[in-house]
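> After the sequence you'll find the predicted model.
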Amino acid sequence: MTETRIALISGANRGIGAATAQRLFEAGWSLSLGMRNPAFPDWAKGIAGAEERIHLAPYDAADPESATIWAAGAMARFDRIDALVANAGIMIPKTVIEIEDDEMAQLLEINVQGPRRLAAACWDALGASGKGRVIILGSLSGKRIKSARSGAYSVSKFAAVGLAHALRHTGFEAGIRATAVCPGFVATDMAMALTDRAATAMTDPKDLARVIEMLIELPNEASTAEFCVNCQLEESF
Ligand SMILES: NC(=O)c1ccc[n+]([C@@H]2O[C@H](COP(=O)([O-])OP(=O)(O)OC[C@H]3O[C@@H](n4cnc5c(N)ncnc54)[C@H](OP(=O)(O)O)[C@@H]3O)[C@@H](O)[C@H]2O)c1
């Protein structure tokens, strides 16, 4: 078994997932990157040893078997999993009244079932070290309803935050710590499609990656259930 710690990151090809992958790699982690279309990351090209430390896996949150196949592939490659960053997610900007059944099912499938299946697939490996870590990308939309149009997405993100709490309870005795990371607008494709706010006035994905690294590195005795980050002033966030 390698001594280097291994992190699985879903949706690692762009946005918050890509920034987190780069940050953890630079901190010395080896990575298993799950993507719908696996491709070696641009930021790692030309770095000596990067190919040995980066495993690419096909991962589609909509495919119920995808998580177990990915986790098995990562174990075959590295024989350990120390952290899971369940980041892949989608936004459908519709109210809970106008959204169609199949769209609501898709939101719950990608934003809730996908992360839950990933945690389950990695669970035994995460427990093996006595200090496994799970980061669920929730959202401030999993803490409060910002607008009618974000309503359906918010329902899925409230569930994702609940998932993180449920995982924290389930894994605590085994030393697994689970955190819901809850950002407001982050300067990625997702947020750019939703608002005219300038990218420079949104949280930088690199700063969110710093937060995620910090949360993963905290000791078992500093369990952090939720971590909220905002680029603007709101009453409670
Ligand atoms: N940006 C924000 O303002 C913000 C705020 C709060 C929370 N979040 C959450 O943060 C996470 C990352 O968001 P982001 O801002 O980085 O969004 P993004 O730039 O839109 O990237 C989304 C990522 O999720 C992947 N993905 C989508 N559907 C997938 C599926 N079925 N299977 C596997 N991967 C899938 C995408 O892969 P493809 O390239 O294949 O589409 C992409 O890698 C999401 O959970 C999002 O809800 C974002």
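Okay, I see it.
> From the rest of the structure, what touches the host helix or strand of A159?
According to DSSP states H and E, A159 maps onto helix 151-171. By CB atoms under 8 Å, 6 or more residues apart in numbering, the residues outside helix 151-171 that reach it are 89, 91-96, 99, 103-104, 107-108, 111-112, 115-116, 119, 123, 126-127, 132, 134, 136-139, 141-143, 145-146, 176-180, 182, 223, 225-226. Where C-beta positions appear, they are placed from N, C-alpha and C, glycine not excepted.
> Out of these, list just those in strands.
V134, I136, L137, R177, A178, T179, A180, C182, E226 (DSSP state E).
> got a winner among the residues you listed for most neighbours?
Within the ones in strands among the contacts of helix 151-171, neighbour counts (other CB atoms under 10 Å) peak at I136, which reaches 32 neighbours.
> so what's A74 closest to, chain neighbours aside?
Of all residues not flanking A74 in the chain, S32 sits nearest, at 3.9 Å (CB to CB, 6 or more residues apart in numbering).
> distance of that neighbour from the ligand?
From S32 over to the ligand the distance is 14 Å, taken as CB to the nearest ligand atom, to the nearest Å.
> before we move on, what about G11?
3 Å.
> So what are the sheet partners of the host helix or strand of S32 and their directions?
For S32, the host element (DSSP H and E) is strand 30-35. Here strand 30-35 is paired, per DSSP bridges, with strand 6-10 (parallel), strand 54-58 (parallel).
> and these as TSV, adding mean neighbour count?
Shown next, in TSV, are those (neighbours: other CB atoms under 10 Å):
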stretch	mean neighbour count
strand 6-10	28
strand 54-58	19
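> With distance to T188 added, can I get the ones you listed in CSV?
CSV is the format used below for the strands paired with strand 30-35 (distance: least, CB to CB, whole Å):
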stretch, distance to T188
strand 6-10, 14
strand 54-58, 21
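> Looking at the ones you listed, which is nearest to L218?
Comparing these by their distance to L218 (CB to CB), the top pick is strand 6-10, with 14.7 Å.
> Could you give the number of residues near the residue lying closest to R14 once chain neighbours are set aside?
Of all residues not flanking R14 in the chain, D189 sits nearest, at 6.5 Å (CB to CB, 6+ apart). Per other CB under 10 Å, the neighbour tally for D189 reads 10.
> D189 contacts N13, correct?
No: D189 is not in contact with N13 according to CB atoms under 8 Å; the separation is 10.8 Å.
> for this protein, what spans make up the helices?
Per DSSP state H, the chain carries helices over the ranges 15-26, 50-53, 66-78, 101-108, 114-128, 151-171, 189-192, 205-217.
> Give me the residues contacting the fourth one.
Counting contacts by CB under 8 Å, 6+ apart, the residues outside helix 101-108 that touch it are A62, I90, I92, K94, I99, A152, Y153, V155, S156, A159.
> can you give me the angle that helix makes with helix 151-171?
Inter-element angle recorded for helix 101-108 and helix 151-171: 40 degrees (by axes from the mean of the first three to the mean of the last three CA atoms, to 10 degrees).
> Equivalent analysis for the third one, please.
Helix 66-78 and helix 151-171 meet at an angle of 50 degrees, taking the same axes, to 10 degrees as the criterion.
> just to revisit the earlier point, gap between the residue nearest to R14 and I54?
As judged by CB to CB, to the nearest Å, D189 and I54 stand 22 Å apart.
> where does K146 fall, phi/psi-wise?
Backbone torsions of K146, given as degrees, to the nearest 10, read phi -80, psi -30.
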